[in-house]
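1. Let me see the structure of the following:
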Amino acid sequence: MIHLRQGRNQFYKPTRRGYILRMLTLDDVTFWGADTFISVIFALFIVTNIEGGSATHVGLALTIRQLMVALFSVPIGKLLDKHKGYVDEVYFLAISGILAGCTYALFGFATELWHVYVLMVFVGISHTLNLDTWRVLFWGSIKKSERGETTGIYQTIMSITGALILALAGFLGDTYGYRFIIWIGSCMTMLAGLIPLFIKRFVPQK
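-> Numbering: from 1, shown residues only. The predicted structure is shown next:
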């Protein structure tokens, strides 16, 4: 029994590293869970709720988001490298959730295509902030000897929760409408913006 406890992955242990990994996984479940939640109805929302919306416009909106990620990934990464420690990563990760939450909330008021395009710029920026900072924090907290197993634990959690969210989003979208899904996604990403603040005192400061 003692041997089993000593061999347990750091993800489960009541240590600083374990706490950071669990909280970051919860943050990812919440942030990308919200994105998954909204993605289920995004195309239908544009086609049915936005004047003149079509599959072509859905593709263009998603293209704008991806281009923003491509445009800002390196500059944000360089900015993070200028500061020692991980405190700036924590704050930027929090900002990504708040920015995404506010942007998704505004989708609930969108009625024209240009509204969607402008909002997707900010969605792309929020995704970039999240990806650049979360990866630094998560991978920086994993022991080299446990990278594979810890990654597997994280991926299992993300896959299970993602599957549940996909099923739930489809049901709620049919029952309560597409804008309701957007409001839920907005609240989830706002919550994701608060979670990183709970690990601030546990990450390297300098």
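2. ok, and for stretch 100-115, which residues are buried?
-> Of the residues in stretch 100-115, those scored as buried under the neighbour-count criterion (16 or more other CB atoms under 10 Å) are 100, 101, 102, 103, 104, 105, 107, 108, 110, 113. (C-beta placed from N, C-alpha, C; glycine too.)
3. Where does the residue nearest the centre of the chain sit: helix, strand or coil?
-> If you average the C-alpha coordinates of the chain and look for the closest C-alpha using CA atoms, centre = their mean, you land on residue 31, 3.1 Å from that point. Three-state assignment for residue 31 (DSSP: H, G, I helix; E, B strand; the rest coil): helix.
4. Okay, and the closest residue to it other than its chain neighbours sits in which element?
-> Ranked by CB to CB, 6 or more residues apart in numbering and with sequence neighbours excluded, the top spatial neighbour of residue 31 is residue 192, at 3.8 Å. Using DSSP states H and E, residue 192 falls within helix 178-194.
5. looking only at pLDDT, what's the mean for that helix?
-> Helix 178-194 comes out with an average pLDDT of 95.
6. Just the CA trace of it, in CSV.
-> Extracted as CSV, the C-alpha positions of helix 178-194 are listed here (Å, rounded to 0.1, in the frame of the first residue of the first chain):
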residue,chain,number,x,y,z
TYR,A,178,-29.5,29.2,-29.4
ARG,A,179,-29.1,32.4,-27.5
PHE,A,180,-29.6,30.5,-24.3
ILE,A,181,-26.6,28.4,-25.2
ILE,A,182,-24.5,31.5,-25.8
TRP,A,183,-25.4,33.0,-22.4
ILE,A,184,-24.4,29.7,-20.7
GLY,A,185,-21.1,29.7,-22.6
SER,A,186,-20.5,33.3,-21.6
CYS,A,187,-21.0,32.5,-17.9
MET,A,188,-18.7,29.4,-18.1
THR,A,189,-15.8,31.4,-19.6
MET,A,190,-16.3,34.2,-17.0
LEU,A,191,-15.8,31.5,-14.4
ALA,A,192,-12.8,30.2,-16.3
GLY,A,193,-11.3,33.7,-15.9
LEU,A,194,-11.6,33.5,-12.1
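7. What segments of the protein are strands?
-> Chain-ordered strands for the chain, with DSSP state E as the definition, do not occur.
8. Would you mind listing where it has pLDDT under the threshold?
-> Across the chain, the stretches falling below the confidence threshold (pLDDT under 70) are 1-7.
9. about what we covered before: pull the distance from the helix holding residue 192 to the chain's centre.
-> How far helix 178-194 lies from its chain's middle: 11 Å, per CA atoms, centre = their mean, to the nearest Å.
10. Give me the buried positions along it.
-> Across helix 178-194, burial judged by 16+ other CB under 10 Å covers 178-179, 181-182, 184-186, 188-193.
11. How about stretch 162-178?
-> Residues 162, 165, 168, 169, 172, 173, 178 are the ones in stretch 162-178 that count as buried (16+ other CB under 10 Å).
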